[in-house]
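Could you work out the structure for the sequence below:
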Amino acid sequence: MEKLKLALLGCGHLNEIVAKALMDGYLPEYELVGVFERDFNKAVNFSKTYNCTPCETIDELMSLKPDYIAEAASVEAIREYGEIILRNGASLIVLSIGAFADKEFYEQIKNTAFMNKRKVYIASGAVGGFDVLRTASLMSPITAKISSKKSPKSLKKTPLYKEGLLDIKESEQVFSGTTKEAIEILPTHVNVAVATALASAGPENTLMKINALPDFVGDEYKIEIEGEEVKTDLNIYSKTSDIAGWSVVFVLQNIVSPIVF
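Next up, the predicted model:
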């Protein structure tokens, strides 16, 4: 059987997990054909390790005729290349879900995918429970809340950092608002929150709180969904970001599986 062509947008740690999973036999239905990274030298080095074509431009990547492109680059990359990818015949697997906090852009991507008969797959990243969230959202009205615990050090180069945060001795709230507001402040830190919002009450209607904890390692999220007939409480902890890369592997497996989870 002819293999599906897979290409990668971004060649950092998360897409390296995807490429290695393919080499290790987790994705036998796919062939890795290319990688596009703004830093072409990184793409070249990546391609030597994982036996694919390095690309300097998105047009070069699309010329390889991939069936699927797995993105692990940035919100900006999705905004810049998402529609180009869909128009040129590839479906898109997205980790930088924060791009979809912009409702207008979300609708553009959805319409572009529909018009070109392609799909956009939102990888679960570190959130999980999409099936429960989507099902609960159908039993509207619902309320949605998400709280996040983070290391003070992880916030150091963000607008939420303030002098003395590294020296706190107990939990301190550093943000309270909607997930849409959160992604505007922390475009690379709260993809989990936007994924939760898209799967439930929407970015404008999902409330979020972020707490900094001294000596905390990793990320922890608590998701609360409540309606007249349903209530769910999800707690997710991840020590590293690796779970996001593996969630892309899971999406790729699900696409070709006769049994879909």
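
And the longest helix seen in the chain, what's buried?
Counting by DSSP state H, the longest helix found in the chain is helix 242-256. Neighbour counts over helix 242-256 (16 or more other Cβ atoms under 10 Å) mark 243-253, 255 as buried. All C-beta spots, glycine's among them, are computed from the backbone N, C-alpha and C.

ok, which stretches of the stretch 101-250 of the chain are helices?
If DSSP state H, counting those that start in this stretch is used as the criterion, the helices of the stretch 101-250 of the chain fall at 103-115, 130-138, 179-185, 191-199, 242-256.

starting at the chain centroid, how far to the fourth one?
Same thing as helix 191-199. 9 Å (Cα atoms, centre = their mean, to the nearest Å).

cool, stretch 228-239 as well?
With Cα atoms, centre = their mean, you get 19 Å for stretch 228-239.

So which bits of that stretch are buried?
Across stretch 228-239, burial judged by 16+ other Cβ under 10 Å covers 232, 234, 236, 238.

isn't residue 15 right next to residue 245, touching?
Yes - under the criterion of Cβ atoms under 8 Å, residue 15 makes contact with residue 245 at 7.1 Å.

what do the two both touch?
Common contact partners of residue 15 and residue 245 (Cβ atoms under 8 Å, 6 or more residues apart in numbering): residue 72.

Can you give me the neighbour number for residue 91?
The local packing of residue 91 (other Cβ atoms under 10 Å) involves 19 other residues.

got the contact list for it?
Counting by Cβ under 8 Å, 6+ apart, residue 91 touches 67-69, 113, 118-121.

how far away is it from residue 169?
Remark: distance between residue 91 and residue 169 (Cβ to Cβ, to the nearest Å) = 48 Å.

can you list the domains in this protein?
What the record gives for the chain is the domain set 4-125+243-256, 130-239, from automatic domain parsing.

Mean neighbour count, the ones you listed: which tops it?
Among the domains of the chain, domain 4-125+243-256 has the highest mean neighbour count (mean count of other Cβ atoms under 10 Å), at a mean of 19.

Show the end-to-end separation of that domain, please.
10 Å (Cα to Cα, to the nearest Å).
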